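Chemist: The following block contains a protein sequence and its predicted model.
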Amino acid sequence: MQGAQVQNLILSLTKKWDIYSSLDLNKITKMLWSSSLGGSSGGLNTFESSLVSSERAIRLLHLNFYKPGLPYNKIRVLRKKRIESIASIISYVNKESGFRFNLNILKDLTSSMDDTSWPVQFGYTLKKNKPPVMKIYLSVISDNAQCGYLMERLCALLGLSWLKLKNNFLDTQFDAIGIDFLHNGCCRLKIYTILRPAFNLSDIPRAYRKYQNSKDIYLGHYLAVIGKIPLRHIGFLYRIDKTSRIESVKIWARLKKPTPFKSLQPIMKPVPARLNSWLISTGAIIEGISAGVSYLTLENKEIGVYFR
């Protein structure tokens, strides 16, 4: 999505769900766009949003990747500009809201990844009468050697133990590292893994249910749907709790290319009754801003549709 689509989406959802904030969300959108890479340096540059069943929230992510083969010295300059823009956004949010989003963690994180070539992504989640959550993602892009080193440093920054966690990720290919910045200064760690091709959907249930507290009644339907769609990647998101344990896991399936929602509707039928009206509403929102579906997710019996 481009800036105009994002503005229309925010306007639509704030009215639909009565989500209002002291923050100027359009200002944040413009600040993110101004930090994006362009010209000969830029690769993918787009906004992505998502809708999750049983959740009313504005969820926005700005994705910005370097052009393949860009020299490291150029990457450092561009990433510095990106980090400075993100820091400005968090400072603005703290000033306008009175919250205490942790800029020190952002500074330490930047220092820790200085020797990598990883792009930095930024987004937020906003719900009615709830403090926003600021989100930073490091696109590891399968750089496992550097990732293990950063995980250890990052866990130390967040008061977690990588020693307790790392056995869960042996022989794992990483896709991204995520940090949720909370309004009280605390942070939460998220670890994204990606299955090596050619992935087999029959391997998903065991890995997914290992960290679920109860059987997910939608797992079979979800696998049946994504099994009919051309996929580029599939993987897991692991949320880490304050005791350095895996709290929950989400399955994410990345489509080969953003796809109109209406072309997916026949594949998604028949849907469980609980999801029928939600999917109709979701399709109307996505089609209303001319966006395409990029991911389908499942976590704790909740379906997610990501679009850009």
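Modeler: Nice, thanks for sending it over. Since the structure is predicted, the reported quantities are computational estimates derived from the model, not experimental observations.

Chemist: going forward, measure contacts and count neighbours with C-alpha atoms only.
Modeler: Noted.

Chemist: List phi and psi for residue 113.
Modeler: When read as degrees, to the nearest 10, the backbone of residue 113 gives phi -100, psi 20.

Chemist: Please name the residues that touch it.
Modeler: The contact partners of residue 113, by CA atoms under 8 Å, 6 or more residues apart in numbering, come to residue 150.

Chemist: let's have the chain start at 34 instead
Modeler: Sure, I'll start counting at 34 from here, so that last one is residue 146.

Chemist: Flag every buried residue along the biggest helix by length in the chain.
Modeler: Criterion DSSP state H: the longest helix present in the chain is helix 105-130. The neighbour-count check on helix 105-130 (16 or more other CA atoms under 10 Å) flags 108-109, 111-112, 114-116, 118-127 as buried.

Chemist: same deal with stretch 262-281?
Modeler: For stretch 262-281, the neighbour count (16+ other CA under 10 Å) marks 266, 267, 268, 269, 270, 271, 272, 273, 277, 278, 279, 281 as buried.

Chemist: Can you tell me the SS state at the fourth one?
Modeler: To tie it back to what came earlier, the one meant is residue 269. Classification of residue 269 using DSSP: H, G, I helix; E, B strand; the rest coil returns strand.

Chemist: and the gap between it and residue 240?
Modeler: Distance of residue 269 to residue 240, given as CA to CA, to the nearest Å: 9 Å.

Chemist: Residue 307 - how many residues pack around it?
Modeler: 10 (other CA atoms under 10 Å).

Chemist: Identify the bridge partners of the closest residue to residue 232 other than its chain neighbours.
Modeler: Nearest in space to residue 232, with sequence neighbours left out and distances taken as CA to CA, 6 or more residues apart in numbering, is residue 267 at 7.6 Å. Here residue 267 sits in beta bridges with residue 286, as judged by DSSP bridges.

Chemist: picking up where we left off before, could you list the buried residues of the helix or strand just after the longest helix of the chain?
Modeler: Sequence-wise, the next helix or strand downstream of helix 105-130 (DSSP states H and E) is helix 136-145. Under the neighbour-count criterion of 16+ other CA under 10 Å, helix 136-145 has 136, 138, 139, 142 buried.

Chemist: of these, the lowest pLDDT goes to which?
Modeler: Within the buried residues of helix 136-145, pLDDT reaches its minimum at residue 142, with 86.

Chemist: Now do the helix or strand bottoming out on mean pLDDT in the chain against helix 136-145, angle only.
Modeler: Lowest mean confidence among the helices and strands of the chain (mean pLDDT, DSSP states H and E): helix 177-190, at a mean of 84. Interaxial angle, helix 177-190 versus helix 136-145 (axes from the mean of the first three to the mean of the last three CA atoms, to 10 degrees): 150 degrees.

Chemist: Next, the contact list for the closest residue to residue 189 other than its chain neighbours, please.
Modeler: For residue 189, ignoring the flanking residues on the chain, the nearest one in space by CA to CA, 6+ apart is residue 195 at 7.9 Å. Contact analysis of residue 195 by CA under 8 Å, 6+ apart lists 184, 185, 188, 189, 277.

Chemist: Name the member of those residues with the most neighbours.
Modeler: residue 184 (21 neighbours).

Chemist: show me the contacts for it.
Modeler: Residues counted as contacts of residue 184 (CA under 8 Å, 6+ apart) are residue 195.
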